[in-house]
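predicted model and sequence follow; I will ask about them next.
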Amino acid sequence: MKNFLLIVVFVSGMFTQAQRVSTEKIEFNYVQYPTIELNLAWTYTPKVVQKNLPSILEQEKAFVEKLERIHDEYLAEIERYENYSAAEKLIAGKPRNPILPERIYTGEVLDEEVMANEYIRIEGFQKAMDNSDFTAEILLNGFEYEGKFEKNKENAVFFYEIMYKNPVSVNVYDKDGNVYLNEVVDNATHNKETPKRDSNAELKEYWKNNELVFLQELQKNSYTSALSNAANFLNDTFGYQEKSEQARFNSAKGKKTSYPKLDQAIEIIRRALINFGDGKNQANLDKIKEAIKIWEDALLEKNLKDKKARINTKVAVGIHWNCILAYSILNNFDKAEDHLVELKLYGRGASSTNAEKFMKNFEARKRQ
């Protein structure tokens, strides 16, 4: 038993003395570049087009015309009645008031100009309502109510699941007619649950009394969502957005080993990123390169077979991670890819996936 305890203590000591990663999170602000670059000297006009507006206005016009027709027919009937003799009036009877059709809900009518100025903003560009260089346009096809399906949970609560869509697309073109983007942002069917009721009968009664109000509110909210999503898509594609990122950078520590150079690299990268901005300050870029040099020099010492090695597998993984992030920030994606390959070879699934996501995000928005 005594020998067994000695073995446990010995093995435990081996692991506690092994080198391991220490992590620091560095928050930095930067300008996220667009995926499609336009001339920053250009001005833009925001525009919203409600494509179903003519249909809504036509339905409303038809409803008004129907009311006018019923009214005219009633007046004509009154006039005929007034011209009857007393006997004819007695036989015909006094005309009854007409039965008017229920008011139909044709759809939400948007103020296109107000919506355009409220939602569309392309960061980095000046807005101009006249003689602009390009137009950023949101096209709304209109709210579509696709039906309802009754649902219940173990016959305890009853509700309808309302299916609807509000297709929206975007279009960006310059004053010469050149198109830079023409894309559908959302054409999916969405669902919304009604309030829950205790029985099928109560649910039907609720819907009878609240269908119009429910659908009006749903339509209003779906337009708000469609406009927000489309506007964000435009800004994300063309805008120069100020972003805040929290990046994890790694040093290392061990009971009998210190890593002053790796600690120094953390401070160097911190100073480089604190005012990173648009990424064009050469002094900041040089600091990042200085940190990378320290990390890559450390990797020359790596020994993946020895857990007690100064740069063992865990420490090497942390350093490769640092290099992927740093090279991505520098726009050197070939070098970032080299370190990503090494990370994947170590079998670090989550680490390599997150590092690759960081790299791809910067690569899609490469600074020119």
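All right, it came through fine.

name the SS class of K148, please.
Put simply, K148 is strand when judged by DSSP: H, G, I helix; E, B strand; the rest coil.

how is this protein divided into domains?
18-33+241-363, 43-51+106-238 (automatic domain parsing).

from I311, how far out is the nearest residue to G254 once chain neighbours are set aside?
Spatially, and ignoring its direct neighbours in sequence, G254 is nearest to Q19 (4.0 Å; CB to CB, 6 or more residues apart in numbering). Where you see a C-beta, it was placed from the backbone N, CA and C, and this is true even at glycine. Distance, Q19 to I311, using CB to CB, to the nearest Å: 8 Å.

which residues do these two both contact?
A252 (CB atoms under 8 Å, 6 or more residues apart in numbering).

which SS state does K255 fall under?
Judged by three-state DSSP, the three-state class of K255 is coil.

ok so, going back, show me the contacts for the residue nearest to G254.
By CB under 8 Å, 6+ apart, the neighbours of Q19 are 252-254, 257, 307-312, 314-315.

do that again at 10 Å, thanks
Listed by CB atoms under 10 Å, 6 or more residues apart in numbering, the contact set of Q19 reads 252-257, 259, 306-316.

which of these fall in strands?
252-253 (DSSP state E).

let me know how buried L234 is, in neighbour terms.
Neighbours of L234 under the rule other CB atoms under 10 Å: 26.

which stretches of the stretch 1-150 of the chain form strands?
Taking DSSP state E, counting those that start in this stretch as the test, the strands found in the stretch 1-150 of the chain are 20-32, 43-50, 126-127, 134-140, 144-153.

which of those strands is buried the deepest?
strand 134-140 (a mean of 22; mean count of other CB atoms under 10 Å).

just the helices in this structure please.
Along the chain, counting by DSSP state H, helices occupy 2-17, 53-82, 86-92, 112-119, 200-238, 260-273, 282-299, 313-329, 333-345, 349-363.

which of those helices is buried the deepest?
helix 313-329 (a mean of 25).

which secondary structure elements does it contact?
strand 20-32, strand 241-253, helix 260-273, helix 282-299, helix 333-345, helix 349-363 (3 or more CB pairs under 10 Å, 6 or more residues apart in numbering; DSSP states H and E).

which one of the ones you listed has the lowest average pLDDT?
The minimum mean pLDDT among these belongs to helix 349-363 (a mean of 84).

what's next to that helix, contact-wise?
30, 32-33, 243, 245, 247-248, 279, 317-318, 320-325, 327-331, 333, 336-337, 339-346, 348.

shaky segments in the stretch 151-300 of the chain?
153-155 (pLDDT under 70).
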